[in-house]
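Undergrad: Everything below, folded, please.
(4 chains)
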Number of protein chains: 4
Amino acid sequence: MSARGDRRLAAGMVGGGDGADIGKTHRHAMRLDDQYVLAAGVFGRTADTAARVARDLGVDRVYRDHHEMAAAESDRPDGVDVVTIATPNDSHFDVARAFLQVGISVVCEKPLTRDSTSSAELTAIAESTGAILAVPHCYSAYAMVRHAARLVRDGALGDIRLVVVEHASGWASTPLELGDHRQARWRTDPDVAGFPSVLSDLGTHALHLLRYVTGLEPVRVSAELTTLVPGRRVFDNASVRLTLSNGAPATLWASMAATGNEHGLRLRVFGEQAALEWRHEDPQHLTLRGRDGAATILAQGMGSLSEDATRLTRPGMGHPEGFIEAFANFYRDLADLLRARRDGTAPPARELSIPTGVDGLIGVHFVETAAASHALDGAWVDAPSARVMAGV
Amino acid sequence: MSARGDRRLAAGMVGGGDGADIGKTHRHAMRLDDQYVLAAGVFGRTADTAARVARDLGVDRVYRDHHEMAAAESDRPDGVDVVTIATPNDSHFDVARAFLQVGISVVCEKPLTRDSTSSAELTAIAESTGAILAVPHCYSAYAMVRHAARLVRDGALGDIRLVVVEHASGWASTPLELGDHRQARWRTDPDVAGFPSVLSDLGTHALHLLRYVTGLEPVRVSAELTTLVPGRRVFDNASVRLTLSNGAPATLWASMAATGNEHGLRLRVFGEQAALEWRHEDPQHLTLRGRDGAATILAQGMGSLSEDATRLTRPGMGHPEGFIEAFANFYRDLADLLRARRDGTAPPARELSIPTGVDGLIGVHFVETAAASHALDGAWVDAPSARVMAGV
Amino acid sequence: MSARGDRRLAAGMVGGGDGADIGKTHRHAMRLDDQYVLAAGVFGRTADTAARVARDLGVDRVYRDHHEMAAAESDRPDGVDVVTIATPNDSHFDVARAFLQVGISVVCEKPLTRDSTSSAELTAIAESTGAILAVPHCYSAYAMVRHAARLVRDGALGDIRLVVVEHASGWASTPLELGDHRQARWRTDPDVAGFPSVLSDLGTHALHLLRYVTGLEPVRVSAELTTLVPGRRVFDNASVRLTLSNGAPATLWASMAATGNEHGLRLRVFGEQAALEWRHEDPQHLTLRGRDGAATILAQGMGSLSEDATRLTRPGMGHPEGFIEAFANFYRDLADLLRARRDGTAPPARELSIPTGVDGLIGVHFVETAAASHALDGAWVDAPSARVMAGV
Amino acid sequence: MSARGDRRLAAGMVGGGDGADIGKTHRHAMRLDDQYVLAAGVFGRTADTAARVARDLGVDRVYRDHHEMAAAESDRPDGVDVVTIATPNDSHFDVARAFLQVGISVVCEKPLTRDSTSSAELTAIAESTGAILAVPHCYSAYAMVRHAARLVRDGALGDIRLVVVEHASGWASTPLELGDHRQARWRTDPDVAGFPSVLSDLGTHALHLLRYVTGLEPVRVSAELTTLVPGRRVFDNASVRLTLSNGAPATLWASMAATGNEHGLRLRVFGEQAALEWRHEDPQHLTLRGRDGAATILAQGMGSLSEDATRLTRPGMGHPEGFIEAFANFYRDLADLLRARRDGTAPPARELSIPTGVDGLIGVHFVETAAASHALDGAWVDAPSARVMAGV
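TA: Numbers count the residues shown, from 1 in each chain, chains lettered A, B, ... in the order given. All right, here's what the predicted structure looks like:
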């Protein structure tokens, strides 16, 4: 979408070029509400690659590296407000530091850095320069997770007695790293991802979800790290016990090798008065269980939800998360078709997937035929031939 | 996001200004893949309103009405490629005709027009001028619906024997129209929405989904239209029998008054060899049932899905529909905070919802503590104080 | 189980011998609460068969036919209180009449008889002789169905506005009748089961469930009967519209050819204030939906259920329907093993499926080891070798 | 049901009298397949109570205590084949020993005894006298659990890599023991149930299920026992890590205080090739997940299941666990009504819950009316008045 005036923020990106899924996801997310203009970036290793990526993304200012970018952008009056770091774990520290030091805010994927000393250094720099250092533990941004946190804060569960959180995915239950799966290769390389790779990648999400919803912090930890896929060089499964800051016990299970699982992020919080459960496989619902055993399922969009949830709901009640993506799919197919028309090239074979006026006409015919049948007390009425309609 | 070069299409919009949810949804969808620039439009009744909306949306060219817009845009070399019509049903025909006649493609919500004669006129105009007239029956754009259609085409179900489709929502199970619910008021006004309102609004979606997945057309119709909410002026519930083009029976149930239902769109197709089921409440899954009674649930992102599905999947396996929206929520909150910083205004109270470097640091500490515990054969190890960390 | 005194009733059975599943089910059901002694019956065509069945069932009094049985039993002071008819549909009338005429109560499967005239004759005879004529529409005997009916009676749903009931099974989605499937053969024979076979078999259950829960009666009917399996001689699918006695519309879908479905009985009742849903695939839960879209799932055994439900719940909260059957499986395997011991025959191979004292011992060891680990602050403690334990 | 000849076994029971749910469940289970005659027992503390219980149960031989019973029954040629012990945990050892020593088989609830030494003594006695000592870990007797075990044995999962088992119930999430809840009182009394009460009661079931399905044994244990309900005198929650005999890690979570949970028994087994999941809340299904993420749900009664499962399935495909219980409910209500008729007492108010010939007649009328409508191409046909029918 085009510029909508000066309320939009200037964004930059380091990494996230070719084949980098996470870069794409950040851009999708930035676009949705039209709050950012992607204005500058560092993309890829070579100047050619970088220029091509920048052109595809409509980015005007391309830099060779983050040092050059930080210096130049901090000098410009219209320099970027925020930079997204979409590079592998081992470069997070250096890139983030470069921007934070000059007061440019940063969005950095977890794990923030490779050790807590360097992470603490980054938070200290951000504190001193007033820049924001944000980490996209974005599961806490689901409307129903926000509502869950609100319920806990408002006392709906009573004292929290026990928390069970899982982030047990099956994505790497085979030795993908032996093939050419890029993410699998670096996530199973101890030099890049660290030995407790599964905890850095998934365990930290599970922990943040637990902390976000309950408001409790872990005060002690007992962990068993295991390797489920034979030959793998990092731990791909972890069973962790926590004692939380209110004394309650918790368990956290993180796995990248839970055969057959989808994403596997799931939180259960048991309180004195009630319990709640949220699953990432069904993100637009939240289950509450009372002491009598009744389970109540709340749905995104319900009028009775807290403002924390409703402000994040784009389509209304009944339209699940993902509706906008389906709508965007429609528009993407349409764009392909329109461009083919404009450019005089052959339309894509999937042209037929786009509902057209003929579909609209069939719909109107359907309504008319149904109304005619109803007027005849439900008698059968022939529908106009679709073939004829399509030929109109 | 900013312009990304000349591959993007110029889009226009008529309607969809203040308080119009559907306009917002169209814009969200257009933005996601960055294929469109919203360049022109007609917004609202007064010049002031229109100017404000256009400014908020970053739209350069604002027109008084669709006639003026059609004339001007068709004259410009950089005129809009496509116009989205987001006005109430009764103006669809006039607006769509204005653009189609000058060869500008149109996206028009269903019902296309108020009767089949006028709908047929539009499809004829589009045919003659070569413009695309697209109708966003966007449920057919879900990846798993595409996969369902592919399975049917490839014969995985064998001959289709029976189809059961429902679009039974509970959104208007109370007399909302007596209050100030804008959509309820026009959807229950027979002069605007027609008596078979529920069929026009929801029944046509259900019909399109049936047609899209099965490739079959209705050839005869028997309908019972009823009014469930006492005093309502249109039919809010419909039970329809269809005979499909291959002779198979089908039932279609549309309701806007199915108390307590969410969106309620659900398709079941029964074939000789297998059956399939898709529910809009859980759009990223598709259930197949074999003749032996085993039910197999396919998930978006699985490597073994058809290209029809995988090309539409933005994040990978395990990330449900909606993940991008959660991610966008994160970025929206961040934008609010960054602007507050930039403008020197008070940060929003929900600032705390944004995971920051402290959260990242806690995550890294967690990984380190867990690794230390593991090295001690699972012994309990104290986690650094969150309070201390937050104070870093 | 052995006799428990004179509170038990004397029961008889006609049919239900070799290979007759429904006879077995009736006997299982009679045994569970130990309220009946099966004392007399007519089994099979030949005297030999009948005698063998009677011996296996422990039935003392065996008759050649129902006429002989009715005469003899009505003469005895200890004659049967009730007779279960487990013969094919076409003999129901004659058998039921024989017993009802002499004042013996009857349990007769639906369809009661082949036409309403003869059914009415039976109800009239029962009325005049004071015998009970009971029809096992036993879905209405689930605890959660009873609770559903109670909620409707107590006004929890408000006025009933719409009912949707399905009994769509997939059991005969292939032409089973061409093979040696006994039930499929008679249920697809129009001379035995009638042309609307699917309605007689499944539609009547769906109708009774609707009537039982809502308390409403059908006052008019519009039906489409179809044959989904090519070559089948009866209708195997039915789409029925009903107008109920309060004016509300209803739909009833019955199918024996819904490919891949399990039992497929499901009721949805939409009221002014709330809606309810019950599915036979998950019989121990009942879902209520409020006008705001929240869905509350009630579970059998909850303390807050109505007496109508709780009086029918054998094990407590959390033990699903079927727990008793699993328990009975344990006892059945044990009986096989004990008999093998007693008779000196080889124990069945599945002997190992019976949990024994070694399993009990392993359990106790587990508790002790876990307690020891806990005492050591969660340190790992070796469990005693299972091999050693098994050898104790 | 009455005796069915000498194939039945003579059973005894110690305990399980008034108010003892577990005794009732054992009797229900024994009755279902008519393999046992309850012939002798020890019931209650006083002679009067014992006599009344025995009379209600139809038990002929009543003893003062288990010593007397063991001596007498072992002397009789028709002495009991097996004795069920349904007394509190602390008497298990003494009662079981009395019978095992004289060669009478025993069914004893877990925990078998209070410590492993005494448990081992029992298994040794059973070994020496040839008696069976069976422990009703009856979850392993569900058909779908048997099928799960078969799949593991047959290699469908490949090597087992990880097991996650939970038995997390919410039954005691409030301090029930402060009231008059009998079971809660003894299960939270450390002198009766032991401090690790939750492990003895629920953890042992979870462990057996894990062992039964996987065929693996625990070789080391790390446990954290906690008390979730303030003031409770025993541990009511346990988080246990296990290393299994093939080296795979496992976690076991047992809780009696997981607020809002039903029964909470759930097993997940992750193998190299596939994973399986079974939940006690839905016992007639088993989910298999392949490495590609597809989940296949198998249902009890499917023709393609293993013999291990099908031999335990009483009603056919589509009739869930619990169908027999619903059927038995029907028969129980009928018995109440028949007795009232016989005794000339007032029929119970719930008489109306029994479907009668009038319901059968309405069903037949429904079929006839639907057939008439179908003959008229689906036209509406009035149904006979239910009131008239009821008056026939």
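Undergrad: Which positions in stretch A:331-349 come out as buried?
TA: Using 16 or more other CB atoms under 10 Å in any protein chain shown as the test for burial, stretch A:331-349 gives A:Y331, A:R332, A:D333, A:L334, A:A335, A:D336, A:L337, A:L338, A:R339. C-beta coordinates here come from the backbone N, C-alpha and C atoms, glycine included.
Undergrad: If you could redo that for stretch A:21-39, that was the one I meant.
TA: Residues of stretch A:21-39 classed as buried by neighbour count (16+ other CB under 10 Å): A:22-39.
Undergrad: Helices - which of the buried residues of stretch A:331-349 land there?
TA: Among these, the members falling in helices are A:Y331, A:R332, A:D333, A:L334, A:A335, A:D336, A:L337, A:L338, A:R339 (criterion: DSSP state H).
Undergrad: from these, which single one is nearest chain B?
TA: Closest approach to chain B among those (CB to the nearest CB): A:A335, at 4.0 Å.
Undergrad: How many neighbouring residues does the nearest residue to A:V135 once chain neighbours are set aside have?
TA: In this structure, A:V135 finds its nearest non-sequential neighbour in B:G360, 4.1 Å apart by CB to CB, 6 or more residues apart in numbering or on different chains. Counted with other CB atoms under 10 Å in any protein chain shown, residues neighbouring B:G360 total 29.
Undergrad: what residues are up against B:G360?
TA: Residues in contact with B:G360, defined by CB atoms under 8 Å, 6 or more residues apart in numbering or on different chains, are A:C108, A:K110, A:P111, A:L112, A:T113, A:S119, A:L122, A:T123, A:L133, A:V135, A:T204.
Undergrad: mind checking which helix or strand the nearest residue to the last one once chain neighbours are set aside is in?
TA: It stands for A:T204. Distance criterion CB to CB, 6+ apart; nearest residue to A:T204, sequence neighbours excluded, is B:G363 at 3.5 Å. Assigned by DSSP states H and E, B:G363 belongs to helix B:357-375.
Undergrad: Direction included, what does the helix or strand just after that helix pair up with?
TA: Helices and strands here follow DSSP H and E; after helix B:357-375, the next one along the chain is strand B:381-382. Its sheet considered, strand B:381-382 pairs with strand A:218-226 (antiparallel) by DSSP bridges.
Undergrad: could you give the angle of the partner strand to helix B:357-375?
TA: 50 degrees (axes from the mean of the first three to the mean of the last three CA atoms, to 10 degrees).
Undergrad: ok, and what's touching strand A:218-226?
TA: Contacts for strand A:218-226 (CB under 8 Å, 6+ apart): A:195-196, A:198-199, A:207, A:211, A:235-245, A:250, B:366, B:369-371, B:373-374, B:378-383, B:385-386, C:378, D:162, D:222, D:224, D:241, D:249.
Undergrad: does A:H28 sit in a helix, a strand or a coil?
TA: Local secondary structure at A:H28 is given as helix here, using DSSP: H, G, I helix; E, B strand; the rest coil.
Undergrad: Quickly note the distance from the spatially closest residue to it that is not a sequence neighbour to A:G15.
TA: Nearest non-adjacent residue to A:H28, counting by CB to CB, 6+ apart: B:I324, 4.8 Å away. In this view, B:I324 and A:G15 are 19 Å apart by CB to CB, to the nearest Å.
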